[in-house]
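*Asks:* fold the following, please.
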Amino acid sequence: QVQLVESGGGLVQAGDSLRLSCAASGPTFSSHTMAWFRQAPGKEREFVTAISWYGSSTSYADSVKGRFTVSRDNAKNTVYLQMNSLKSEDTAVYYCAARRFLIQSISILSADYKYWGQGTQVTVSS
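*Replies:* Residues are numbered from 1 along each chain as shown. Take a look at the predicted model:
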């Protein structure tokens, strides 16, 4: 069982930066593929980015490529989302997610992620 807790959300201006963190419980963190999803009001949850066990492989949605960077620190059981050049369309609740233990592949599908955090709100004003 993995428990995930996101933090770092808030209200920022367009063009600003923000870093989200997701702290995971348990000793198996380094063997979980991790991802960030987001959900804006009235919209479906969408994939943002994912990172493999040791960070050697990442994937990004086209809408955030070049602006967002995912990273992880397995010693701290934490995955990060650095968001730069924020736009109003980035406004959403951001969720951290983990795949099942020892499933190595990255997926952009929310159904492939077993564990979810409670979400953190990011609001970008224009």
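*Asks:* any regions of this protein where pLDDT drops low?
*Replies:* Applying pLDDT under 70 to the chain flags no residue at all.
*Asks:* for it, what spans make up the strands?
*Replies:* Along the chain, the stretches classed as strands by DSSP state E are 4-7, 10-13, 18-24, 34-39, 46-51, 58-60, 68-73, 78-83, 92-98, 115-116, 120-125.
*Asks:* those: which one's closest to residue 108?
*Replies:* strand 46-51 (4.1 Å; CB to CB). Any C-beta I mention is one placed from the backbone N, CA and C, and that applies to glycine too.
*Asks:* so that closest one versus strand 92-98, what angle?
*Replies:* Taking axes from the mean of the first three to the mean of the last three CA atoms, to 10 degrees, one finds strand 46-51 and strand 92-98 inclined to each other by 40 degrees.
*Asks:* could the C-alpha coordinates of strand 46-51 be exported in PDB?
*Replies:* Extracted in PDB, the C-alpha atoms of strand 46-51 (Å, rounded to 0.1, in the frame of the first residue of the first chain):
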ATOM      1  CA  GLU A  46      -5.800  14.400 -18.000                       C
ATOM      2  CA  PHE A  47      -2.200  13.200 -18.000                       C
ATOM      3  CA  VAL A  48       0.500  15.700 -17.400                       C
ATOM      4  CA  THR A  49       3.700  13.800 -16.900                       C
ATOM      5  CA  ALA A  50       5.200  10.500 -15.700                       C
ATOM      6  CA  ILE A  51       8.600   9.300 -14.500                       C
END
